[in-house]
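Chemist: Structure here, sequence nowhere to be found:
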């Protein structure tokens, strides 16, 4: 088996896309000790799963890999199929977290070269929290331990759910859901559409949608993942997500939209279905796995194929960074951990990093991962500010 094929099979295995025949081939390949270094180097280079990735017991790694391969092959045989499995983005999340199992069960040593300087660390992991602003301007804090209930609205503290209007009222009543830095929240609109809002985001939406009319919400700023209830279930009414610079028309689909304040680009990524992105320069249709990049400086739009999982993993509790510059990565992390980041050397902002990181990790674990991959030399933490060196 040549080098390229072996790397392809390892990748397929780690993402649960390998057929039974391919698993057998990889099994046999790993039995050769000469392939050990190839396997180890590839995993270390491409999968920054945890900060313990310094040295590891290759035999133990191969043993754990063998156990999982055996289990996968048993699953194939039980199902009596040898077709390649294609998982949804949600399933891939569990696969990557399972991959992290490789790197967290004492496979890699936990040694760290130098101890970072931490004067005081007040940085905490983000959580489910939001502020609901009602039509009359009153505000309700939502989050763990803060239940909210009215006749047609219910919040458990992790999400807020709106029920349909049984009275068929013609009055338009709007609410705002605002997510602070260090927060996220799940919203179910009255038509059944689900929205996951990322940190530092705000959505404006009607409490009820008028039957037969266009269902419209506004992503005022920030990032949201939309799973839209099909128009066929709402008398053919289309669904529109707008902001100040573009409008997205959908008939029933799933997509991600990122439009943070201060950014010069708005990104719309289609997961499944079909959307039409409209700007003052015209309309563009997206196909699944395509992303529209609207440049606000000149209102131009580019469309490209992307790895969807990397774009939407945030909603499932994972940061997936693939060839991302450190400056962009730290912007994402600063929103989730509600912290400030200072680069001692501005050139560090351009340094690239690949990694799949659990959002429940404390910030020190993530910084140690980045440090041990030689992206940074060291770091300091003072209250809620990180200095990268």
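Modeler: Great, that's in hand. Computed from a predicted structure; not experimentally measured. Residues are numbered from 1 along each chain as shown.

Chemist: hey, let's count contacts and neighbours off CA atoms from now on
Modeler: Noted.

Chemist: neighbouring strands for the top strand by length along the chain, and are they parallel or not?
Modeler: If you go by DSSP state E, the chain has its longest strand at strand 215-227. Partners of strand 215-227 in the sheet, by DSSP bridges, are strand 194-197 (antiparallel), strand 201-206 (antiparallel), strand 239-242 (parallel), strand 254-259 (antiparallel).

Chemist: which residues are contacting the second one?
Modeler: By that I understand strand 201-206. 172-180, 216-224, 260 (CA atoms under 8 Å, 6 or more residues apart in numbering).

Chemist: Show me where the chain dips below the pLDDT cut-off.
Modeler: The chain contains residues with pLDDT under 70 at 1-8, 11-20, 36-114, 166-169.

Chemist: sorry, back to before: pipe the strands paired with strand 215-227 into CSV and attach distance to residue 336 and mean neighbour count per row.
Modeler: Shown next, in CSV, are the strands paired with strand 215-227 (distance: least, CA to CA, whole Å; neighbours: other CA atoms under 10 Å):
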stretch, distance to residue 336, mean neighbour count
strand 194-197, 12, 22
strand 201-206, 11, 22
strand 239-242, 24, 20
strand 254-259, 15, 23
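
Chemist: And for residue 356, the neighbour number?
Modeler: Using other CA atoms under 10 Å, residue 356 is surrounded by 22 other residues.

Chemist: In the protein, mark out all the helices, start to finish.
Modeler: Counting by DSSP state H, the segments of the chain that form helices are 3-14, 20-30, 36-46, 58-79, 89-104, 308-312, 326-337, 363-372.

Chemist: returning to that earlier point: list the contacts of the longest strand of the chain.
Modeler: Outside strand 215-227, the residues touching it (CA under 8 Å, 6+ apart) are 193-206, 209, 237-244, 252-261, 312, 315.

Chemist: could you redo the last one with a cut-off of 7 Å?
Modeler: Here strand 215-227 makes contact (CA atoms under 7 Å, 6 or more residues apart in numbering) with 193-198, 200-205, 209, 237-243, 253-261.

Chemist: again with stretch 327-347
Modeler: Stretch 327-347 is contacted from outside by 123-126, 181-183, 199-200, 349-350, 384-389, using CA under 7 Å, 6+ apart.

Chemist: Give me the buried subset of those residues.
Modeler: By neighbour count, with 16 or more other CA atoms under 10 Å, the contacts of stretch 327-347 hold 123-124, 126, 181-183, 199-200, 349, 384-389 as buried.

Chemist: and stretch 252-270, how far from the chain's centre?
Modeler: The chain centroid and the centroid of stretch 252-270 are separated by 13 Å, computed with CA atoms, centre = their mean, to the nearest Å.

Chemist: for that stretch, how far is the first residue from the last?
Modeler: End-to-end distance for stretch 252-270: 12 Å, by CA to CA, to the nearest Å.

Chemist: Going forward, the N-terminal residue is numbered 57.
Modeler: All right, first residue 57 from here; so that's stretch 308-326.

Chemist: what's the first-to-last distance across stretch 389-403?
Modeler: End to end - CA to CA - stretch 389-403 spans 19 Å.

Chemist: Break the protein down into its structural domains.
Modeler: Domain segmentation of the chain under automatic domain parsing yields 59-160, 183-367, 376-444.

Chemist: May I see these arranged in CSV, with distance to residue 174 as well?
Modeler: Formatted as CSV, these follow (distance: least, CA to CA, whole Å):
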stretch, distance to residue 174
domain 59-160, 17
domain 183-367, 21
domain 376-444, 5
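
Chemist: Select, out of the ones you listed, the one closest to residue 173.
Modeler: domain 376-444 (4.8 Å; CA to CA).

Chemist: Test my guess that residue 285 contacts residue 249.
Modeler: Yes - using CA atoms under 7 Å, residue 285 makes contact with residue 249 at a distance of 4.8 Å.

Chemist: sorry, back to before: closest to residue 218 out of the buried ones among the contacts of stretch 383-403?
Modeler: Once CA to CA is applied, the member of the buried ones among the contacts of stretch 383-403 that ends up nearest residue 218 is residue 239, at 20.4 Å.

Chemist: is the closest one in a bridge, and if so with what?
Modeler: Residues in beta-bridge contact with residue 239 (DSSP bridges): residue 183.

Chemist: and if you look at residue 375?
Modeler: Beta-bridge pairing for residue 375 (DSSP bridges): residue 413.

Chemist: hang on, isn't it packed against residue 416?
Modeler: No - under the criterion of CA under 7 Å, residue 375 is not in contact with residue 416, lying 10.0 Å apart.

Chemist: Compare these two (neighbour count), which wins?
Modeler: For residue 375 versus residue 416, the count of surrounding residues by other CA under 10 Å is larger for residue 375: 21 against 12.

Chemist: Distance check, that one against residue 389.
Modeler: For residue 375, the distance to residue 389 - CA to CA - is 9 Å.

Chemist: With residue 278 instead?
Modeler: Per CA to CA, residue 278 is found 14 Å from residue 389.

Chemist: got it, and residue 229?
Modeler: 35 Å.

Chemist: Likewise for residue 396?
Modeler: 9 Å.

Chemist: Give me the more crowded residue out of the two.
Modeler: Each of residue 396 and residue 389 has its neighbours counted (other CA under 10 Å); residue 389 has more, 22 against 18.

Chemist: give me every residue that touches residue 343.
Modeler: 326, 330.

Chemist: do that again at 6 Å, thanks
Modeler: residue 330 (CA atoms under 6 Å, 6 or more residues apart in numbering).
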